[in-house]
Structure formats: C-alpha cells, structure tokens
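[1] here is my input, please return the structure:
(chains A, B, C and D)
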2 protein chains.
Amino acid sequence: MAYRETEKMRQRKAQARQRIIDCTYECVANGGFRSARITRIAGLAGVATGTIYRHFESREDLFAEIFRTATQREVDKVAEALTTDGDAAVRLEAALRQFAERAMRGPMMAWALIAEPVDPKLEEERLVYRRAYAELFEKAIRDGIEEGCIPDQDARQSSTCLVGAIAESLVGPLSPTLAGQITIADIDKNKLVDSIIRFCMQGLTGTRR
Amino acid sequence: MAYRETEKMRQRKAQARQRIIDCTYECVANGGFRSARITRIAGLAGVATGTIYRHFESREDLFAEIFRTATQREVDKVAEALTTDGDAAVRLEAALRQFAERAMRGPMMAWALIAEPVDPKLEEERLVYRRAYAELFEKAIRDGIEEGCIPDQDARQSSTCLVGAIAESLVGPLSPTLAGQITIADIDKNKLVDSIIRFCMQGLTGTRR
DNA sequence: ATAAGCAGTGAATCATTATTCATTTCTTGT
DNA sequence: ACAAGAAATGAATAATGATTCACTGCTTAT
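    Modelled structure (predicted):
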C-alpha cells in the first residue's frame, strides 16, 4: 500500500466540494435551478463534470443540498427575528417582515426556493422548508395565545395561511420575467411588505390597528 | 378540385379534437400534467400520436388549453358563489368556501392547477388563473368596503393573500403522495375549510366572530 | 369510377442533458 | 525512483419523450 488519504488531501477535496456548492448556489441565485446545468457549474468551479459526481450522487442530490443550505439560512434569520423584544404579536410581525424583506432582497433565489417548478425530489424539500417556517410561526402563535395577545385559534392552520399569504404575495413581484427587468422601488417594496403584514396580523389577531 | 371540407368532416374533426381534450383532461385529473404522455393520451382517444399534432401545435399548447378550460370552470363556480344573497362579507365567505371545497373534491386536478411543477408556458397560464381568482375576490372586497361591511384596505393585496392562504393550506392535504392514499374524512375537510376561512375573514374584516 | 386533396398513421428522428467509465494524472509510502 | 492506489477528466453514452413526415387510406365532386 502506497497511497493513503492524508489530511492535506481531505482538505483539498473538501475545498473542491465547497467550491462546487458555492458555484451551484451562484447559478441558482442567478437563474434558478432549472437553468443550472452541470456543465456550467463544473465550468465555474473549475472541475470536470465527472468530478461533480465524485462529490454528489446526482444533480438532484446536489440541488437538494443547496436547497437545504439556502433554506436553513432563511429559516434561521426568521427564527432570529422571533427572539426580538416585545410580545408575541410584535415578534411575529418582525419575523414576517424578515421573511418578506429577505425574499425581496434576493428575488431570484427566493423565487427558486418558493415558487420555481422543480423536480419531485426538490419539491419534497420545499414542503419541508415551508413546514419549517410554518412551525416557527405556529410556535409564536401558541406563545401569543398563552400571553393573551393573540386570540385562541388553530395555530397550525393559521401558520400555514401566513406562509401562503406571504408566498403568494411575493410570487408576482419575484417572478423572474419581472425581477431583474423591472426594478421595484424601495418605497413600493415597503408598501407591499406593510400591506401583506397588515393582512396577516389582522388574520391572526382579528384586530385592526 | 375534388375534395372540399364538408360539414360532416368538420364535425368529425371537432369530435376527434374534443375526444383528445377529454382524454387529456382525464389523464391530468388522474396524475397531473407531468404524467400525461402524448402516447397515452393518443391511446385513450383512439388516435395516433401524429393526429394530436393535427389538432394542437404542441403538447404545451394542448396542456394550455386544458388548463384554461379547467380553470374557467373553477373560476366560474367561484363567481357564481359570489352572486348569492347577503352582504359582501357573506358572499366572499361563500366564494372562499366554494374554492376550497371544490379543490378537495377533485384533489389531483386541484393540485395540478395550483401547485404541480409545470413548464414555463403553463406556469404563465397559472399566474393568469390565480389573478382571475384574485380579481374576483378583489371586486368583492371593494364592494364590501363600499357597503361598509369590510374595513378600508388595499383590496388587491388582500385578495392576493386570500388566494395564497387557501392555496397553501390545500397544498399539503392535496399533495399527490397523500391524496388517494390517505382519505381525508369529510368531517376533517369541513374543519380544515372552516379554519382557513376563519383566518381569511379575520384578515379581511379584522373582526372575530 | 376516378382523380384530387385532405386526414390519419406511427416508426423513426431529434434534442437535450445528466451520467458513466476507460483513461490519465496526481499522491503517497517505501 | 517506483509502485500502488486514488482522484480527476471529459468524450461518449444513455434515457427520455416530444415531434416529424413519408406514406396510407378516406372523402368528395365530377
């Protein structure tokens, strides 16, 4: 035996893997999953197409990993927003705002995660992702019910409605035919986010403000 | 000139075309667009694959037509529900209920129309379709604002939220991996529809009931 | 009956990309 | 320096289904 995997090699491989991930992320953030061809990713990462398959089982697998990573990043941000000061209703509002605003800041990636037509395997990941958001919201709603700042309701159902209302409201503005071509003014973005949130908070609290 | 298209022939062609449409509809209602292969549709309709192309430009075109037909049927039903007696809020509630209940009655078709990943051209049709719903709701909301039974708000934005909240709430229960395998009891369906609608109506009116 | 022209046919073609794998290049321990 | 293995390569392959088109067979008007 002459060759034995060494630390240096392990690192080099890890780097290549990371480079592939980064380049895939970039491709997706640029044109969605559909347009992210293996050859293009390989080219960007400076490896041969075959090399991709030494690091990932398949294209779907690679995409699933990107999806999870990107998702986790977003979900974490929303979770973080839920830790701000204030009662549960205030925290929820902050979280909803975080969700919507981040989506508008990276529209193509948001579209890819929320609405782009994808293969069944990725679609499953997407359901997990939407569930993750819904669960965060659900928890906050329950807290609010306990605190008394949100009236009693089916927290799970309401959280699902929240995710749907936001996602639907964003799909139009995020659609890649529009995004990039039309630049949505910041003031419009704010108005959009505000009105989404008003609807959502009313839906939750049954209270106008 | 010896052959001239006659009424009989025109009808026969129209029949073939209709048969193709019907069979495509059936395929889609059974397994969504993705699984509706041209060969299968042709087989069901009792024509050769080539014949499909004498009636439709392409698969996408055929699908677009099915999509529009199926959509129109649904939108009409919702529009009809909006003509019932009562104030705008009551009418809206009836419409939302119609939307949700019909979706649960034909889950696979509903999924195909609402959530199935489809090609870009169909995706465009889908946006039109969602817009159509949103516009109906929007009109009703404006009516409600005038009547005074719904508080002043961005009707367009609210209508979008309504569509999103309902669609999202249904996606889980409609998902084809579940639908057909798990049979949702009628009582659960009713509960689901009720809680979706409660959220939506609160979101609109800012009033608990 | 016949010829002209259209409708129907379905096997063969095409297009698109992900994936493979025989070959080459690089690493390592002796 | 060398042999043993591992990693990288990328041209060739595979798989999938939509679409085509040269041909067959009806319909029609005379």
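[2] all contacts plus neighbour counts: C-alpha atoms, from now on.
    Fine.
[3] quick check: what element follows the helix or strand where A:E123 lies along the chain?
    Assessed by DSSP states H and E, A:E123 sits inside helix A:120-147. For helix A:120-147, the following helix or strand on the C-terminal side (DSSP H and E) is helix A:155-174.
[4] for that next one, packing partners?
    In terms of contacts (3 or more Cα pairs under 8 Å, 6 or more residues apart in numbering or on different chains; DSSP states H and E), helix A:155-174 is packed against helix A:88-105, helix A:107-114, helix A:120-147, helix A:186-205, helix B:155-174, helix B:186-205.
[5] between it and helix A:107-114, how many degrees?
    140 degrees (axes from the mean of the first three to the mean of the last three Cα atoms, to 10 degrees).
[6] so where's chain A uncertain?
    Filtered on pLDDT under 70, chain A yields the residue ranges A:1, A:175-184, A:208-209.
[7] let me see the contact set for the most centrally placed residue in it.
    By Cα atoms, centre = their mean, the mean C-alpha position of chain A lies nearest to A:T71, the distance being 4.0 Å. Taking Cα atoms under 8 Å, 6 or more residues apart in numbering or on different chains, we find A:T71 in contact with A:113, A:129.
[8] which residues touch the closest residue to A:E168 other than its chain neighbours?
    Leaving aside its sequence neighbours, A:E168 sits nearest to B:G164 (Cα to Cα, 6 or more residues apart in numbering or on different chains; 4.6 Å). In this structure, B:G164 makes contact with A:161, A:164-169, judged by Cα under 8 Å, 6+ apart.
[9] of those residues, which count as buried by neighbour count?
    Among the contacts of B:G164, those scoring as buried are A:161, A:164-169 (criterion: 16 or more other Cα atoms under 10 Å in any protein chain shown).
[10] which parts of chain A sit against chain B?
    Contact residues (Cα under 8 Å from any Cα of the partner chain) of chain A with chain B: A:116-119, A:127, A:154, A:157-158, A:160-169, A:172, A:192, A:195-196, A:199-208.
[11] could I have the PyMOL command that selects the buried members from the residues you listed?
    Selection of buried members from the residues of chain A next to chain B for PyMOL, criterion 16+ other Cα under 10 Å:
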select buried, chain A and resi 116+117+118+154+157+158+160+161+162+163+164+165+166+167+168+169+172+192+195+196+199+200+201+202+203+204+205+206+207+208
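[12] can you give me the distance of the residue in chain A positioned nearest to DNA strand D to A:D119?
    In chain A, the residue that lies nearest DNA strand D is A:G50 (3.1 Å; Cα to the nearest atom of the strand). Look at A:G50 and A:D119: by Cα to Cα, to the nearest Å, they are 22 Å apart.
[13] in three-state terms, label A:T84 for me.
    Here A:T84 takes the coil state, with states given by DSSP: H, G, I helix; E, B strand; the rest coil.
[14] that one contacts A:E93, doesn't it?
    No. Using Cα atoms under 8 Å as the test, A:T84 is too far from A:E93 to be in contact (10.4 Å).
[15] more neighbours: these two, which one.
    The residue with more neighbours, out of A:T84 and A:E93, is A:E93; 18 against 14, by other Cα atoms under 10 Å in any protein chain shown.
[16] surely that one meets A:M201?
    Yes. Between A:E93 and A:M201 there is a contact at 7.2 Å, judged by Cα under 8 Å.
[17] care to break chain A down by domain?
    As given by automatic domain parsing, the domain ranges for chain A are A:1-56, A:66-205.
[18] could you say which of those domains is packed most deeply?
    For those, the largest average neighbour count (mean count of other Cα atoms under 10 Å in any protein chain shown) is found in domain A:66-205, namely a mean of 19.
[19] so which of the contacts of B:G164 is the closest to DNA strand C?
    DNA strand C lies nearest to A:A167 out of these, by Cα to the nearest atom of the strand, at 26.6 Å.
[20] elements contacting the helix or strand hosting A:I41?
    Following DSSP H and E, one finds A:I41 within helix A:38-45. Packing contacts for helix A:38-45, counted by 3+ Cα pairs under 8 Å, 6+ apart, involve helix A:7-31, helix A:49-55.
[21] chain center to it: distance?
    23 Å (Cα atoms, centre = their mean, to the nearest Å).
[22] quick check: angle from that helix to helix A:7-31?
    Comparing the axes of helix A:38-45 and helix A:7-31 via the same axes, to 10 degrees yields an angle of 120 degrees.
[23] check whether helix A:38-45 contacts DNA strand C.
    Yes. Counting by Cα under 7 Å from any atom of the strand, DNA strand C has neighbours in helix A:38-45: A:38-39.
[24] using CSV, write out every CA atom in that helix.
    The C-alpha atoms that make up helix A:38-45 are tabulated as CSV, following Å, rounded to 0.1, in the frame of the first residue of the first chain:
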residue,chain,number,x,y,z
ILE,A,38,-24.0,20.5,-14.5
THR,A,39,-21.5,21.5,-17.2
ARG,A,40,-21.9,25.2,-16.3
ILE,A,41,-21.4,24.5,-12.6
ALA,A,42,-18.4,22.4,-13.3
GLY,A,43,-17.0,25.1,-15.5
LEU,A,44,-17.4,27.8,-12.9
ALA,A,45,-16.0,25.5,-10.2
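[25] quick one: it near DNA strand D?
    No. Using Cα under 7 Å from any atom of the strand, we find that helix A:38-45 stays clear of DNA strand D, coming within 8.0 Å at best.
[26] what lies in contact with that helix?
    Contact partners of helix A:38-45, identified using Cα under 8 Å, 6+ apart, comprise A:16, A:19-20, A:23-24, A:27, A:48-49, A:51-52, A:59.
[27] near DNA strand D, which residues of chain A?
    So chain A meets DNA strand D at A:1-5, A:12-13, A:16, A:46-51, A:54 (Cα under 7 Å from any atom of the strand).
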